[in-house]
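Q: Take this sequence and fold it.
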Amino acid sequence: MNLRVGLIVNTLAGVGGPAALRGSDGVAEQALALGVVPQAVTRATQALGALRELGAELTIITGSGSLGADAANAAGLSCEIVYRKPAKESAEDTVALARRLMLMQVDLILFAGGDGTARDVAESVGDAFPVLGIPAGVKMYSGVFATTPAAAGTLAVRFLRSHARRVRQCEVMDLDESDLRCGRIEPSLFGYVASPED
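A: Here you go, the predicted structure:
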């Protein structure tokens, strides 16, 4: 059996949290200047650790460097690079890579990020293609995320090994971070994605 998992890592997801910036959108450079070390690649690597048990039957399809290849390599998994990371990463990279992975008909797209990343993936693949979020952001309102990076890896393995490959519609929620910084917490529904059911 040949299993192909698409991987997307939003490197800057979650950097605003440790800097008490209430999110990362629009303030990632400020957080980095304050000395915050991004954790999304580490969290993706933790999730991918569970996938090692699939052995040679698994290939990770991803972007270069911190977009995914770094996490795959750190987890000891072989990967195929189908998207080259530009000098400066942006949400457009997530969108472009997600579309490419969907067109390649990978078995599952794993993405590490927060609600903003979930929105970008949902915009790219719609509500029928299986995706699963590795929690790495500050805002985590969307139902597409596993509870921990390790749980995401475990769920991915169960899904890939299942003959039924059941999915359920999970909501993609987000909130305006400028509202959050003013103390208003009002998440909005942006759509649904198909996510492995456990």
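Q: drop to CA atoms for contacts and neighbour counts, all remaining ones
A: Will do.
Q: Who does the most centrally placed residue in the chain form a beta bridge with?
A: With distances taken as C-alpha atoms, centre = their mean, Phe111 lies nearest the centre of the chain, 1.8 Å away. Note on Phe111: beta-bridge partners by DSSP bridges are Ile8, Gly133.
Q: May I ask you to confirm that it is in contact with Thr11?
A: No: with contact defined as C-alpha atoms under 8 Å, Phe111 does not reach Thr11; the gap is 10.7 Å.
Q: any common contacting residues for the two?
A: Residues touching both Phe111 and Thr11 by C-alpha atoms under 8 Å, 6 or more residues apart in numbering: none at all.
Q: buried stuff in stretch 92-109?
A: 93-95, 97-102, 106-109 (16 or more other C-alpha atoms under 10 Å).
Q: ah, wrong one, I meant stretch 163-178
A: Applying 16+ other C-alpha under 10 Å to stretch 163-178 flags Val167, Arg168, Gln169, Cys170, Glu171, Val172, Met173, Asp174, Leu175, Glu177 as buried.
Q: what's the lowest-pLDDT member of the residues you listed?
A: Taken together, those show their lowest pLDDT at Glu177, with 58.
Q: Count the neighbours of Glu53 for me.
A: For Glu53, the count of nearby residues is 11 (other C-alpha atoms under 10 Å).
Q: measure it to Pro86 for me?
A: 32 Å (C-alpha to C-alpha, to the nearest Å).
Q: re the thing from before, farthest pair within the buried residues of stretch 92-109?
A: Farthest-apart pair in the buried residues of stretch 92-109 is Asp93 and Asp107; separation 20.3 Å (C-alpha to C-alpha).
Q: Can you list the low-confidence ranges for this protein?
A: Within the chain, the segments meeting pLDDT under 70 span 1, 14-36, 38, 87, 176-185.
Q: any idea where the strands of it begin and end?
A: Assigned by DSSP state E, the strands in the chain fall at 3-9, 58-63, 79-83, 108-113, 131-135, 167-174, 188-196.
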